[in-house]
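Undergrad: I would like the atomic coordinates for the input below:
(3 chains)
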Amino acid sequence: MAPMLEQWTPAKISADPMLPVPYRIKRVRHETKDTFTFDLDPVGDGREFRYAPGQFNMLYAFGIGEVPISISGSDGAMIRHTTRAVGTVTNAMRNLKRGAVLGVRGPFGTWWPVKEAAGCDVVIAAGGIGLAPLRSALYEIMEHRDHYRRVTLLYGARTPEDILYRRELEQWRGKFDLDVFVTVDRAMGDWRGMVGVVTKLVSRAPFDPASVVAMMCGPEVMMRFTMMELRKRGVETERIYLSMERNMKCAVGFCGHCMYGPLFVCKDGPVFRFDRIAPIFGVAEV
Amino acid sequence: MIETLERLIGEHPFFNGMAEQHLRFVAGCAKNIRFDEGQIIFREGDEADQFYFIREGLIAVELVVPPRGFTTLQTLGAGEMLGWSWLLPPYRWQFGARALEQTHALAFDGKCLRNKCEQDHDLGYEILKRFTHVISERLDTTRLQLLDLYGTHA
Amino acid sequence: MTLQIQDCVVFEHQYFDQLLQALVARGYQVLGPTRRDGAIVYDRIHSVEDLPAGWTDEQDGGKYRLKRRNDDALFGYAVGPHSWKKFLHPPTELLWQAQCDANGFQIVPQKQSSPKYAFIGVRSCELHAIAIQDHVLLNGPFQEPIYKARREDLFIVAVNCGQSGGTCFCVSLNTGPKSTFGFDLALTEVLQPDRHYFVIEIGTQRGADIVTAIPHQPAVEQDKQNAEQILNHTAASMGRKMDTTDIKELLYRNLDHPRWDDVAARCLSCANCTMVCPTCFCTRVEDVTDLSGEHAERWRKWDSCFTTDFSYIHGGSVRATTKSRYRQWMTHKLATWIDQFGESGCVGCGRCITWCPVAIDITEEVRAIRESEPELQRSKRDSVREGSRD
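TA: Model (predicted):
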């Protein structure tokens, strides 16, 4: 049985978790019309940025506000964030150019059970921007590929134009012995790939339900239906992990905004083993 | 040849639980078929006399949407059923289908099967039960697509 | 005589001001109850003259009135709209400032310092509320610095309630009326035709030190009995009651109870209950700039789970309906708080009942769910048996 996740501890945060640290945008990549990736370098001393895949930072746009964004990758002191423009702060960020400075607080939250999944089949199901927090988990798995058995990525995007990390997806397919299935909700142009919801891909993934670890991130409805497909194949709730999203302000469990039943998504999550949230997952407006 | 088909069909979860003689009849209506990449399987408005069980490959269910042209609504792959318009009047395809890759399938003579179902209601019930399931699943996934879950909902 | 912790002494009413001045002399900023705008609120007090001597309150659902007493009791009332969180977990606080410069911007944190506070007149329910907020804000892996700075040197003069309020139910929650922990001094005010005095229990060495500065005598058996009698009377006359048996499980299994629709039809989502509740701790942040855009500030302010955008994530609020927000508040206070912090979030002070403009009564809501549960289960069973009519 896959173990519970390790709790967030302050040892992971070296600075005062309430104060943003200035980071400069080293590189901007516009992935799709509303999604962009920043590579950030610290303005001050270059301490190595340490985090676990699944965690998030609070990104501050000067004078505008702060948003929780999952960490998509890092390299030494550099942090990578893929963000979707959906509100005031993220839309403001989208207009920032190389050289602009953001504030960073973190890392916060629980992480994907990448270590715990060693020896198992792994199924990663991502919907839309949900691929961003799973990207770093995928890289860690690929770095230790021989620790895992069959690894499958199921990825659903809105349209072919909204597919993230397109080039990387090709690389992962070819280089790393990963099964990659990509589907879109709506086809356009000359798309010759799969059309349909990502939940349908679960039946295609090769895995042994008794020894698989499933990690999911995406809209709640997508995760709910994907989970039903996993359960249909006999996967126990202790083997399914998902990343939840709620309004966040402080990210350290004081402001109360991210409360989800008895849990604080910022410190008990955002990654949860499903059996922990099963009693409230289906309840409307909890 | 028919014996192999019969075993193949009988083993598959879709036909699981059907009585011997029904399975035999269904297998009798089936034949192996292959579609090349890009091949049109049927067009909207065509007479719907067959249905297909996909063994390997990828098929697009499509509609001509002026001015966009052919628009894929959904794709179906290995293990999925294509087509139920043969079951219901006016027995015409509401959508088109095209193979996106080389595809191997079992083609079933729907006209023959539906006539037999009229005579043998037990067989009819077994077939309808199974196709209701296909239609229901297809409706579920269509609803999810409709929700446009990855869209911005400002 | 050297005073020890747990010693009991008495001092006469006319020396009360000396107690306050002793605290002032030791550098404390003294805060306590005072009469203003038709209510008894907590504010800076400079002398015994600022206390609402001879006043009491009449409280009920959605009702609060002050009335004159026929004596000059200093603490002859229950709790008002303010709670001590006003000072320990302030409603508005500047967290940091940021200034644009050549390197982007610099964050200038606010150094957390606070005057030494002395709270006068803290009731037992409020001692529990402060302890509850201690657990929320100081017990985690990261301690909330604003609260911590204000809490550190806090001097507490508790008062054992001489009468219960119209909406009080501390007895149901085991949070009073007797102060049993967390105080430097605990007073019981005794009013007799020929004598007005206080029985003090020493809680800490600091408290002993203050008492040494005022005229006092050891308490005799009769004094202690008088104090106990007063407390027994208070305990016996609670305005409300709440059956907390198995309350966490009760609320967890009734998230879809029709009673939530009932209360939602009455609730105005005005957030009064969260503002007056002594344990509610939710806050929000506001990021602001000046007109030049060069200088930014982050402010922390009280927030309430009753606001529509409290649970907003792109596209909409998770809790869009009043029903879901009332359910969130009540189940958090009485049930999920227990899973989060190991204790109830409610102390039975009754403020949410008094200050609700439509008199929603949390004790009544619990009772309604508890009592209708067997009926609900029965009707569910019956409808399944008949073949559901959905």
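Undergrad: for the residue in the stretch 51-200 of chain C positioned nearest to chain A, name its beta-bridge partners.
TA: Among the residues of the stretch 51-200 of chain C, C:Gly104 lies closest to chain A, at 2.6 Å counting by C-beta to the nearest C-beta. C-beta: built from backbone N, CA, C; applies to glycine. Bridge pairing for C:Gly104 (DSSP bridges) gives the partners C:Asp101.
Undergrad: what's the spacing between it and C:Leu268?
TA: 45 Å (C-beta to C-beta, to the nearest Å).
Undergrad: on that earlier part again, how many residues are close by the residue of the stretch 51-200 of chain C closest to chain A?
TA: The local packing of C:Gly104 (other C-beta atoms under 10 Å in any protein chain shown) involves 18 other residues.
Undergrad: from A:Phe181, how far off is it?
TA: In terms of C-beta to C-beta, C:Gly104 sits 42 Å off from A:Phe181.
Undergrad: after the host helix or strand of C:Trp329, next one along is what?
TA: If you go by DSSP states H and E, C:Trp329 is part of helix C:322-331. Going down the chain from helix C:322-331, the next helix or strand is helix C:337-341, by DSSP H and E.
Undergrad: the closest residue to chain C within the stretch 51-200 of chain A and C:Gly104, how far apart?
TA: Nearest to chain C, among the residues of the stretch 51-200 of chain A, is A:Val101, at 2.6 Å (C-beta to the nearest C-beta). Counting by C-beta to C-beta, the gap from A:Val101 to C:Gly104 is 3 Å.
Undergrad: what kind of secondary structure is B:Asn115 in?
TA: Three-state call for B:Asn115 (DSSP: H, G, I helix; E, B strand; the rest coil): helix.
Undergrad: show me the contacts for B:Cys117.
TA: Contacts of B:Cys117 were listed using C-beta atoms under 8 Å, 6 or more residues apart in numbering or on different chains, and they are B:123-124, B:127-128.
Undergrad: most neighbours among these, which one?
TA: B:Ile127 (22 neighbours).
Undergrad: that one contacts B:Leu113, doesn't it?
TA: Yes - with contact defined as C-beta atoms under 8 Å, B:Ile127 reaches B:Leu113; the gap is 7.0 Å.
Undergrad: neighbouring contacts of stretch C:121-132?
TA: Contacts for stretch C:121-132 (C-beta under 8 Å, 6+ apart): C:32-33, C:51, C:75, C:78-79, C:83-85, C:88, C:151, C:156-161, C:168, C:170, C:173, C:175-183, C:278-279, C:341, C:343, C:345, C:347-349.
Undergrad: also stretch A:189-202?
TA: Contacts for stretch A:189-202 (C-beta under 8 Å, 6+ apart): A:123, A:125-127, A:154-156, A:160, A:181-187, A:218, A:222, A:225-226, A:228-230, A:233, B:58, B:60, B:72-75, B:77, B:100, B:141, B:144-145.
Undergrad: got it, and stretch A:27-41?
TA: So stretch A:27-41 is contacted by A:23-26, A:72, A:77-86, A:93-94, A:96-98, A:102, A:104, A:129, A:161-165, B:152 (C-beta under 8 Å, 6+ apart).
Undergrad: can you flag which of those residues belong to helices?
TA: A:93-94 (DSSP state H).
Undergrad: related to what we said a few turns ago, can you tell if the helix holding C:Trp329 touches chain A?
TA: Yes - using C-beta under 8 Å from any C-beta of the partner chain, helix C:322-331 reaches chain A at C:323-324, C:327-328.
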